[in-house]
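Undergrad: coords please:
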Amino acid sequence: MASVEVSNLSRSFGIYKALDDVSIRFEDGGFYALLGPSGSGKTTLLRMIGGFDYPDQGRIAMNGESVERVPLEKRNIGMVFQSYALFPNMTVFDNVAFGLEIRGVSRPDIKKRVGEALELVQLSALGHRKPNQLSGGQRQRVALARAIVIKPRVLLLDEPLGALDKSLRLDMQVELKRIQREIGVTTIFVTHDQEEALTMSDRIGILSGGRVIEEGAPADIYHRPNTLFAATFLGKPISSRDDGPMAPSN
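TA: Okay, here's the model as predicted:
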């Protein structure tokens, strides 16, 4: 497991500045949400941490070690996408085993670790099925098992519940929290859903225009936002505040 510290990170695509001098720390073992509207920079930040893209400037450190130029395959990061990204021609077992196979793990160890991962996500009986034989929630559990079976230092979740209907999404919120607590992996979760971020995370970073506008515990950000943007985005009526005037937004 690892802590992650991002310092003065910037990334531009042509004239568009996706990240603008972003600094934020994710403590080891925590469950963090990156929250913000579309185009705020949250997914770009997640991709930088995962090694899918490199910053123009700034530093990304895991347990104090700089990794901003380390290729993604050497960072030992688990990633879950909204689209699941499962191999349709492979069974559930083989999908989960894939990351271990390319790492050269022995077949007996693969069988043991895949079995443990499927048990953790409560899919032990479905290892022989193909993705098209599963429900949306089951496919998302397979994607999660594939991400955690490699024992990642950090688990990255890019709006993984966005394709699920409301009832399944609520069930998976509970499951994600349970699994994260059981394995203790540092988890960074991108979402645009305010309720999801407030109920699931230990801390929230709110982004807008490529900058971190506010960061803190969910209850503090909701009840005592320091910026007008955070209060408006979270739907917290300004008149309900009881601690004096709000600081100006950045």
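Undergrad: now for the least confident helix or strand in the chain by mean pLDDT, which elements pack on it?
TA: The weakest-scoring helix or strand in the chain, judged by mean pLDDT, DSSP states H and E, is helix 166-183 (a mean of 87). The elements that helix 166-183 packs onto, with contact taken as 3 or more CB pairs under 8 Å, 6 or more residues apart in numbering; DSSP states H and E, are helix 107-120, helix 136-148, helix 194-200. C-betas here are computed from N, CA, C, even on glycine.
Undergrad: Just put those helices in JSON lines and tack on mean neighbour count.
TA: Converted to JSON lines, the helices and strands packed on helix 166-183 look like this (neighbours: other CB atoms under 10 Å):
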{"stretch": "helix 107-120", "mean neighbour count": "16"}
{"stretch": "helix 136-148", "mean neighbour count": "23"}
{"stretch": "helix 194-200", "mean neighbour count": "18"}
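Undergrad: Out of these, the one nearest R69 is which?
TA: For the helices and strands packed on helix 166-183, the distance to R69 is smallest for helix 136-148, at 23.2 Å, taking CB to CB.
Undergrad: ok, the helix or strand that that closest one is followed by: who's next to it in the sheet?
TA: Counting by DSSP states H and E, the element after helix 136-148 in chain order, helix or strand, is strand 154-158. Strands that pair with strand 154-158, judged by DSSP bridges, come out as strand 77-81 (parallel), strand 186-191 (parallel).
Undergrad: Deepest in the core, which of the ones you listed is it.
TA: Mean neighbour count (mean count of other CB atoms under 10 Å) peaks for strand 186-191 among those, with a mean of 25.
Undergrad: what sits up against that strand?
TA: 1-4, 26-35, 42-43, 46, 49, 153-162, 176, 180, 197, 200-201 (CB atoms under 8 Å, 6 or more residues apart in numbering).
Undergrad: so where's this structure shaky on pLDDT?
TA: 163, 236-250 (pLDDT under 70).
Undergrad: Can you tell me which of the strands paired with strand 154-158 is nearest to S12?
TA: The nearest among the strands paired with strand 154-158, by CB to CB, is strand 186-191 at 19.9 Å.
Undergrad: distance between that closest one and the chain's centre?
TA: 3 Å (CA atoms, centre = their mean, to the nearest Å).
Undergrad: got the angle for it vs helix 166-183?
TA: Angle between the axes of strand 186-191 and helix 166-183 is 160 degrees (criterion: axes from the mean of the first three to the mean of the last three CA atoms, to 10 degrees).
Undergrad: pretty sure I213 contacts T232?
TA: No. Contact criterion CB atoms under 8 Å: I213 and T232 do not qualify, at 10.7 Å.
Undergrad: In terms of neighbours, single out the busier of those two.
TA: I213 (21 against 13; other CB atoms under 10 Å).
Undergrad: Okay, and that one sits in which element?
TA: strand 211-216.
Undergrad: any idea how far the closest residue to I183 other than its chain neighbours is from V6?
TA: Spatial nearest neighbour of I183, excluding adjacent residues (CB to CB, 6 or more residues apart in numbering): I148 at 6.1 Å. When distance is defined by CB to CB, to the nearest Å, I148 is 23 Å away from V6.
Undergrad: next one: N226
TA: On the measure of CB to CB, N226 and V6 end up 20 Å apart.
Undergrad: ok, these two, which is more surrounded?
TA: Between N226 and V6, counting by other CB under 10 Å, V6 is the more crowded of the two (22 against 18).
Undergrad: can I assume that one sits in a strand?
TA: Yes. Counting by DSSP: H, G, I helix; E, B strand; the rest coil, V6 is located in a strand.
Undergrad: Now do the contacts for it.
TA: Contacts of V6 by CB under 8 Å, 6+ apart are V22, S23, I24, R25, L45, M48, I49, G58, R59, I60.
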